[in-house]
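In: Model the structure of this input:
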Amino acid sequence: MVNGKKLNQIIIKILKKNGLNTNHATICSKALINAELVGAHSHGLSRLKMYCDRIQKKVINPKPKIKIKKISQSISQIDANNSIGFVAADIGIKQAIKNAKKTGIGLVGIKNSGHYGLSGYYAEQAVKKNLIAFCFTNAPPAIAPHGSKKSLFGTNPICFGAPTSSKVPFILDTSISVINRGKIRVAERIGKKIPAGVALDKLGKPTTDPKKALQGVQLPIAGFRGSGLAWMVDILSGVFTGSNHSGKVKDPFEDFTGPQNIGHLFIVIKPNLFVGNNYNKRIKENIKIIKKSPKLKGVKEIFYPGENKYNRYKNNLKKGIVIPKNILEDLKKFNANK
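Out: Numbers count the residues shown, from 1 in each chain. Next up, the predicted model:
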């Protein structure tokens, strides 16, 4: 069990040894620790070694010269210069928030970035400023277009956040696959099977073996509809922003032949644009009606997206973060290296 403050110091030290400045290392550390606190371990410390490996192999730029191009008062484009994704996304969501506060809506497209962790982490930054947010990012190929046996779409998460007039934000953060790819990687690393019905091997047969799943195809949610949503995110994050798309995003764990050039798209909106000061009243009413709807047998409470995650965050913040032995060994090794 490790407390967040001590872990933050360790991660910052490791990332600074890998060439990041203190500010950028702090941005990364906060995002990684947040993933652990909300229980998304597949997007937390289990990925730290991968980021360091990519820096050392010169496919992540630890000292990027990030450029922000103003297209209009509402719209900005960011060239992340192959920075670590956390830094590019942090700059991007802050720019989208700034634009939205000026004009009511902020649109930011980011190119030449990398894996940025949890989309919900960025949506929540906007929600804390009393703004609505949509976050899109593409990913390495994992899902085949409907009717194809070749992976060309990533798990391509879709994220939406909205203020609820309470301290618990509405955060829907979901990948297009039945389970996210990070969970399959964690299962492979600890020698655990994955659930049935989430992946096919490279021959197109159902598998519960995580290694075979990573070599094969992940299944999308809702069949052809999920495939369509993955395609939509590939267009928004890849085609639209000037980033890699249609299967060209490199696998961060296995492909070190060049930068990923992942794209992100942030849309941030003032919630009072159409209903003025009535938004708070209306969102409260909406949540109250839905949470009080008739429950199925055995269901004690209806939760809105983000409530369970908030509760996990609070509990883990109080108890501390449990770090698996293999990841703890990685941290010790990184921390010892000069």
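In: nearest residue to residue 245 other than its sequence neighbours?
Out: residue 238 (2.8 Å; CB to CB, 6 or more residues apart in numbering). Placement of C-beta: from N, CA and C, glycine included.
In: Dihedrals phi and psi, residue 2?
Out: The phi and psi torsions at residue 2 (degrees, to the nearest 10) take the values phi -130, psi 140.
In: I figured it was touching residue 319, is that so?
Out: No: counting by CB atoms under 8 Å, residue 2 stays clear of residue 319, with 10.7 Å between them.
In: Who has more neighbours out of those two?
Out: residue 2 (17 against 10; other CB atoms under 10 Å).
In: Could you find the closest non-adjacent residue to that one?
Out: Take residue 2 and drop its neighbours on the chain: the residue closest to it by CB to CB, 6+ apart is residue 321, 5.2 Å away.
In: Equivalent analysis for residue 188, please.
Out: Nearest residue to residue 188, sequence neighbours excluded (CB to CB, 6+ apart): residue 210, at 3.9 Å.
In: tell me the contacts of that neighbour?
Out: 184-185, 187-188, 192-194 (CB atoms under 8 Å, 6 or more residues apart in numbering).
In: any chance of the residues you listed in TSV, plus distance to residue 151 and secondary structure?
Out: Formatted as TSV, these follow (distance: CB to CB, whole Å; DSSP: H, G, I helix; E, B strand; the rest coil):
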residue	distance to residue 151	secondary structure
184	13	helix
185	15	helix
187	18	helix
188	17	helix
192	22	coil
193	21	coil
194	16	coil
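In: any idea which of the residues you listed is closest to residue 91?
Out: Taking CB to CB as the measure, residue 185 is the one of the contacts of residue 210 closest to residue 91, at 27.0 Å.
In: Let me know the pLDDT of the closest one.
Out: pLDDT, residue 185: 88.
In: Measure how buried it is and give me the count.
Out: With other CB under 10 Å as criterion, residue 185 counts 19.
In: The closest residue to residue 57 other than its chain neighbours: what's it in contact with?
Out: Spatial nearest neighbour of residue 57, chain neighbours left out: residue 256 (4.5 Å); criterion: CB to CB, 6+ apart. Contact analysis of residue 256 by CB under 8 Å, 6+ apart lists 53-54, 57, 59.
In: so what does the longest helix seen in the chain touch, helix or strand wise?
Out: Longest among the helix segments of the chain by residue count, using DSSP state H, is helix 85-103. Packing partners of helix 85-103 (3 or more CB pairs under 8 Å, 6 or more residues apart in numbering; DSSP states H and E): helix 22-37, strand 75-79, strand 105-113, helix 119-127, strand 132-137, strand 262-269.
In: and the residue nearest to residue 188, how far is that from residue 147?
Out: As judged by CB to CB, to the nearest Å, residue 210 and residue 147 stand 25 Å apart.
In: Can you give me the pLDDT of the residue positioned nearest the centre of the chain?
Out: Closest residue to the average C-alpha location of the chain: residue 118 at 2.4 Å, with CA atoms, centre = their mean. Per-residue pLDDT puts residue 118 at 97.
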